[in-house]
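# Provided below for reference: sequence and predicted model.
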Amino acid sequence: MNTFIALIKREVAEHNSLWRVPLVLLGIAFLVKLSFVFGNLSFDFDLASRLNLDASVESLLSTAVGKVLKETSDFIAFVMYVVAIFYALASLYDERQDQSVLFWRSLPISDTETILAKLVVALAVVPIVVVVLQSIVAVVFLGTQSSSYLGAYFSYSLGELGKTLLWSMLPIISWCLFCSQIAKKSPLMMALVIPLVVTVVDWLFLDGVIADTFVINRFTGVDHYTPTVLIIGLIFSAACLTATIAKRGERF
Amino acid sequence: MQGSLITGTNFVAVDNVSKCFGSTIALDNVSLEIGAGEIVGLIGPNGAGKSTLLKAMMGLMKFSGRLSVFGQNPMSDRKKLLSKMSYIADVASLPGWMRVEELLRFVADTHTKFDIARAKQLLNDTPIPLSAKIEALSKGMKTRLHLSVILAINTDFLVLDEPTLGLDVLVRRDFQDRLIEDYFNQQRSILITTHQIDEIESILTRVLFIKDGRITLDINKSDLKTKYLKLLSTTNVVFADPSIKPVYQRQLPNHTELIFENVDKALLAEYGEVVSPSLEDLFVATNS
């Protein structure tokens, strides 16, 4: 357990975008809030009274502020997904580039533990950061009324977050980790070009099912998340991770 | 060696280990054992098989034959094996983005035998501050740091792969002195691979030459002096006894160097100056 926590700490310390980007997002939120209080931005209606009049879920999210806040929260999640993807693409490639993989592998840590720690960072630490950030931003703008807003927002967003993680992020991150382990020059290029080629070839010569299940469905959102797509994604992720672990084991 | 591998006193037991890459034979029936109180140099040119042997020992590569390190099968128990020993795969491999203190904490969290107080004590004797970023340290200091970390791991077996590659002579000498002072004793052993023979000659207790996948010489340093002799002669050397033949002969501008195996020193002294051959001499003699 010590080892696993140390591995997670190592990832967060090494890949500083994991905590710098959230800090920047928070900084922007505070700036906007300050502008409302002291500067030029202003609400053109009385927020507090709107919230007090009718605190039902739909109405909260449909207020102007509620809408802006919801967009902001979704934006935070989107930015952090991008951070997680770039983290996964860099994590195994960087340690090969600077040779530190030789040091990490000289310690009694299995490759499985290392890869799992990276997966946990991308799929557990990052989502936790997303939820915490969304909460702080809501508190910054709504103060005491934030709890009812957050209740309304999370009641639908957490389910979506979980689905996005399972249907989309797990296969994407697993694929990125695999590319990060085996790409000779650019994991990003590899991670983008291969799915692109698969999609184009499938569209041009086949019926598009492969492209749909493996690539398109991962980006089209919750409406297209069917159990079959989930199962294929899980198998694909397991294959990517197994191959990544095996490939890292071949490094001296 | 027959029967089961000896694991009681030997840290390493290699029994008829072979490895082929396609049609090239990287290791050819290698057998050896390493016990306590030895500093073993595994010496051979690039491509001789020393890193293949080390990879097999560290569980990084499949092979045929039997091999155990600390009684563990390196392929299936790699993690267990690494927890019982200290290992430097490459001295230029410490993560540059880490601070020294973070590095110590990481090793403490992942290696149960690591003594962080001991590591700090060893670092006290160096100009390396705990708050320093590793990438800001010079190459020599990085090596010193790596060694301090490894020496604070309380195990009995230390494996160093080409540890002094690319280091200048002062750092190299310091590195070796640290090994002897801070690590080596009768219960512990060190295995060092190198292709730069003269660099580590002085600290070894045992020499293993490897060439084309075979161990060509396995001898204790103390036996070297009695077994091998080097004759520096300015005249043409002809022995009355035809069975006395040099294993190696080299013509130099002012004299001839001849290396003999198991020949009486007094017999040779008639023909010129008799000295102990260097490892480099022996390496050339046994491998050509």
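Thanks, I have it.
# need the contact list for residue 111.
No chain specified, so I'll use chain A. A:R105, A:I245, A:R248, A:G249 (CB atoms under 8 Å, 6 or more residues apart in numbering or on different chains). C-beta here means a position set from N, CA and C on the backbone, and glycine is covered the same way.
# um, chain B though
By CB under 8 Å, 6+ apart, the neighbours of B:H111 are A:L107, A:P108, B:S83, B:I153.
# what's around the residue nearest to B:P129 when sequence neighbours are not counted, how many residues?
Nearest residue to B:P129 in three dimensions, chain neighbours excluded: B:V100, at 7.0 Å (CB to CB, 6 or more residues apart in numbering or on different chains). Using other CB atoms under 10 Å in any protein chain shown, B:V100 has 24 other residues around it.
# the helices in the stretch 51-200 of chain B, which residues?
B:78-83, B:100-110, B:116-124, B:139-151, B:169-178, B:197-200 (DSSP state H, counting those that start in this stretch).
# tell me what the second one is packed against?
If you count contacts as 3 or more CB pairs under 8 Å, 6 or more residues apart in numbering or on different chains; DSSP states H and E, helix B:100-110 packs onto helix A:2-14, helix B:116-124, helix B:139-151.
# same thing but at 10 Å, please
Under the contact criterion of 3 or more CB pairs under 10 Å, 6 or more residues apart in numbering or on different chains; DSSP states H and E, helix B:100-110 touches helix A:2-14, helix A:100-104, helix B:116-124, helix B:139-151.
# also the longest one?
Using 3+ CB pairs under 10 Å, 6+ apart as the contact criterion, the neighbours of helix B:139-151 among helices and strands are strand B:86-88, helix B:100-110, helix B:116-124, strand B:157-161, helix B:169-178.
# rewinding a little: so which of the contacts of A:D111 are also by chain B?
By CB under 10 Å from any CB of the partner chain, the members of those lying near chain B are A:R105, A:G249.
# I'd like the contacts of B:H111 as JSON lines, with distance to A:V137, neighbour count and pLDDT appended.
Below are the contacts of B:H111 laid out as JSON lines (distance: CB to CB, whole Å; neighbours: other CB atoms under 10 Å in any protein chain shown; pLDDT from 0 to 100):
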{"residue": "A:L107", "distance to A:V137": "39", "neighbour count": "22", "pLDDT": "89"}
{"residue": "A:P108", "distance to A:V137": "42", "neighbour count": "21", "pLDDT": "90"}
{"residue": "B:S83", "distance to A:V137": "45", "neighbour count": "19", "pLDDT": "87"}
{"residue": "B:I153", "distance to A:V137": "46", "neighbour count": "23", "pLDDT": "90"}
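# can you tell me which of these is closest to A:V121?
A:L107 (18.5 Å; CB to CB).
# hmm, the closest one is touching B:Y87, no?
Yes - using CB atoms under 10 Å, A:L107 is in contact with B:Y87, at 8.3 Å.
# not counting its neighbours along the chain, what's nearest B:D156?
Nearest-residue entry for B:D156: B:R188, 4.7 Å, with adjacent residues in sequence omitted and distances by CB to CB, 6+ apart.
# now do the contacts for that neighbour.
Applying CB atoms under 10 Å, 6 or more residues apart in numbering or on different chains, we find B:R188 in contact with B:F11, B:A36, B:G37, B:E38, B:I39, B:S86, B:N154, B:T155, B:D156, B:F157, B:L158.
# so is B:V207 in a helix, a strand, or just coil?
State at B:V207, reduced to three classes by DSSP: H, G, I helix; E, B strand; the rest coil: strand.
# neighbours around it, how many?
23.
# OK, contacts around it?
B:V207 makes contact with B:39-43, B:197, B:200-201, B:217-221, B:223-224, B:279, B:282-283, according to CB under 10 Å, 6+ apart.
# what residues does the stretch 1-150 of chain A have near chain B?
Residues of the stretch 1-150 of chain A lying near chain B (CB under 10 Å from any CB): A:1-7, A:9-10, A:13-16, A:94-95, A:98-113.
# circling back to that earlier point, overlap of the contact sets of A:L107 and B:Y87?
Taking CB under 10 Å, 6+ apart as the criterion, A:L107 and B:Y87 both touch B:I153.
# what's the pLDDT at the residue nearest to B:D156?
Among the per-residue scores, B:R188 holds a pLDDT of 85.
# from memory A:C176 sits against A:I182, does it?
No - the pair A:C176 and A:I182 fails to qualify as a contact (CB under 10 Å) at a distance of 11.4 Å.
# surely A:T226 and A:W167 touch.
Yes - taking contacts as CB under 10 Å, A:T226 lies within contact range of A:W167: 8.9 Å.
# more neighbours: which of the two?
In terms of neighbours (other CB under 10 Å), A:W167 is the more surrounded of A:T226 and A:W167; the figures are 23 against 12.
# the more buried one looks like it's in a helix, true?
Yes - counting by three-state DSSP, A:W167 is found in a helix.
# how close does it get to B:R118?
50 Å (CB to CB, to the nearest Å).
# next up, the contacts around residue 138.
Since no chain was named, I'll use chain A. A:29, A:66, A:69-70, A:72-73, A:145-150, A:153-154.
# was after chain B, sorry
Going by CB under 10 Å, 6+ apart, B:S138 touches B:P127, B:I128, B:R144, B:V171.
# out of those residues, which are buried?
In the contacts of B:S138, burial by neighbour count holds for B:I128, B:R144, B:V171, counting by 16 or more other CB atoms under 10 Å in any protein chain shown.
# distance from the chain centre to the helix or strand of chain B with the lowest mean pLDDT, please.
Lowest mean confidence among the helices and strands of chain B (mean pLDDT, DSSP states H and E): helix B:197-200, at a mean of 76. Here helix B:197-200 is found 10 Å from its chain centre; the criterion is CA atoms, centre = their mean, to the nearest Å.
# picking that back up, now the helices and strands packed on helix B:139-151 as JSON lines including distance to B:L268?
JSON lines is the format used below for the helices and strands packed on helix B:139-151 (distance: least, CB to CB, whole Å):
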{"stretch": "strand B:86-88", "distance to B:L268": "41"}
{"stretch": "helix B:100-110", "distance to B:L268": "52"}
{"stretch": "helix B:116-124", "distance to B:L268": "46"}
{"stretch": "strand B:157-161", "distance to B:L268": "36"}
{"stretch": "helix B:169-178", "distance to B:L268": "32"}
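# output the ones you listed as a markdown table; include the columns mean pLDDT.
Output for these, formatted as a markdown table (pLDDT from 0 to 100):
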| stretch | mean pLDDT |
| --- | --- |
| strand B:86-88 | 86 |
| helix B:100-110 | 94 |
| helix B:116-124 | 91 |
| strand B:157-161 | 88 |
| helix B:169-178 | 80 |
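# closest one to A:L133 among the ones you listed?
With CB to CB as the criterion, A:L133 lies closest to helix B:100-110 of the helices and strands packed on helix B:139-151, at 25.3 Å.
# out of the helices and strands packed on helix B:139-151, which comes closest to A:C240?
A:C240 lies closest to helix B:100-110 among the helices and strands packed on helix B:139-151, at 25.2 Å (CB to CB).
# what comes up buried for that closest one?
Buried residues in helix B:100-110, counted by 16+ other CB under 10 Å: B:V100, B:E102, B:L103, B:L104, B:R105, B:F106, B:V107, B:A108, B:D109, B:T110.
# of those, closest to chain A?
Proximity to chain A was ranked across the buried residues of helix B:100-110 by CB to the nearest CB; first place goes to B:D109, at 3.5 Å.
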